[in-house]
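Participant: whatever this is, show me its structure:
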Amino acid sequence: MQFSSYAKGLALAASLALVAGCSSSGGTQDGSMDGTSGSGAAGQGAGSGQVSGTGMNGGNGSRQASDDQGIPSVRTIYFDFDRDSIRSEFESVLNAHAQYLRSNPNARVVLEGHTDERGTREYNMGLGERRANSVQRFMSVQGVSPSQLEVVSYGEERPAVRGNNEDSYAQNRRVVFSY
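Facilitator: Okay, the predicted model is just below:
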């Protein structure tokens, strides 16, 4: 009898350790709407749902700001309602990621497709996948190896912002680069 209570205690302790190790530290998935870490003038238009892909680096449109590891700091691009086409203002963001991935052939990224809550769950899963695939195609055309890219769709399941208005919807229609 003592062994079984010992085993139960051990199992409980192991379960708690597993849950503690897997828990999130909080915060948002990708920071602010413009994908930056709260820097500069780029975040000023975040409430409108429309974010420019330029001007996030002090005015030089040819390079995006990057973190200490060289990964571009803007890791989220946004889409129009019910669309999977890449908006022109985010091409510079995609080019920065493509340049990083070409320069770092061992780096891998998961392209996470998301939608707002409108539409059926099945439709939104498909739309999230089409958005991520659209980014994957763009990256491939830029010379990124397909082995560096993985596509995942979360559909409406992981909203960046909760709410039933256009601003909230706009922030949830996105693809996130998860390195």
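Participant: relative to Ser85, how far out is the residue lying closest to Gln142 once chain neighbours are set aside?
Facilitator: The shortest distance from Gln142 to any non-neighbouring residue, by Cβ to Cβ, 6 or more residues apart in numbering, is to Ala98 (3.6 Å). For every residue, glycine as well, the C-beta is placed using N, CA and C. As judged by Cβ to Cβ, to the nearest Å, Ala98 and Ser85 stand 18 Å apart.
Participant: who's more crowded, these two?
Facilitator: Ala98 (19 against 10; other Cβ atoms under 10 Å).
Participant: that one contacts Arg137, correct?
Facilitator: No: Ala98 is beyond contact range of Arg137, at 11.6 Å (criterion: Cβ atoms under 8 Å).
Participant: so where's this structure uncertain?
Facilitator: 1-68 (pLDDT under 70).
Participant: could you redo the last one with a cut-off of 90?
Facilitator: Applying pLDDT under 90 to the chain flags residues 1-70.
Participant: so the residue nearest to Gln142 sits in a strand?
Facilitator: No: secondary structure of Ala98 (DSSP: H, G, I helix; E, B strand; the rest coil): helix, not part of a strand.
Participant: which residues touch it?
Facilitator: Going by Cβ atoms under 8 Å, 6 or more residues apart in numbering, Ala98 touches 138-139, 142-144.
Participant: got phi/psi on Val152?
Facilitator: Here is the backbone geometry of Val152 (degrees, to the nearest 10): phi -140, psi 140.
Participant: number of nearby residues for it?
Facilitator: Val152: 15 surrounding residues under other Cβ under 10 Å.
Participant: next up, the contacts around it.
Facilitator: Contacts here follow Cβ under 8 Å, 6+ apart; on that basis Val152 touches 110-113, 132.
Participant: just the ones of these in strands?
Facilitator: Applying DSSP state E to the contacts of Val152, the entries found in strands are 110-113.
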